[in-house]
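Novice: Need coordinates for the below:
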Amino acid sequence: MKYSKLTLEEINQNYENVRTFWSLEKNKLICNSKFPDFSSAFSFLTEVAILAEKMDHHPTIINTYGNVSLEIWTHDVGGLTKLDFEFAETVIKLLDVRRNLF
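Specialist: Numbers count the residues shown, from 1 in each chain. Model (predicted):
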């Protein structure tokens, strides 16, 4: 499925659904999360990797001990698409599950 670059208005509408965990910076969605330790962070990233493969949409990932940073945007269009927000919403669900474990 081909996704089109969203307009600023569309970005703002979609951003309302993800703003609790994601920030919007320079046409990218960025999520910074803190975990109690490296193993917890890495376990979360394993779930993100499986999600990324299923969605065929891969974030930039930075993992420093228990701190995880994800960046997502659609390279093909040079900005944000509906797929980016779908990915962000699914990551929020993964984070909500993780919150209940700690």
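
Novice: Only C-alpha atoms from now on, for both contacts and neighbour counts.
Specialist: Will do.

Novice: Name the nearest residue to the residue nearest in space to the middle of the chain, sequence neighbours excluded.
Specialist: Centroid-nearest residue in the chain, with CA atoms, centre = their mean: A88, separated by 4.0 Å. Leaving aside its chain neighbours, A88 sits nearest to V18 (6.6 Å; criterion: CA to CA, 6 or more residues apart in numbering).

Novice: Tell me which other helices or strands the helix-or-strand element of the chain with minimal mean pLDDT touches.
Specialist: The weakest-scoring helix or strand in the chain, judged by mean pLDDT, DSSP states H and E, is helix 82-99 (a mean of 93). Judged by 3 or more CA pairs under 8 Å, 6 or more residues apart in numbering; DSSP states H and E, the packing partners of helix 82-99 are helix 8-15, helix 38-55.

Novice: any weak-confidence spans in the protein?
Specialist: Filtered on pLDDT under 70, the chain yields the residue ranges 1, 100-102.

Novice: one step back: list the contacts of the residue nearest to the centre of the chain.
Specialist: Listed by CA atoms under 8 Å, 6 or more residues apart in numbering, the contact set of A88 reads 18, 22, 29.
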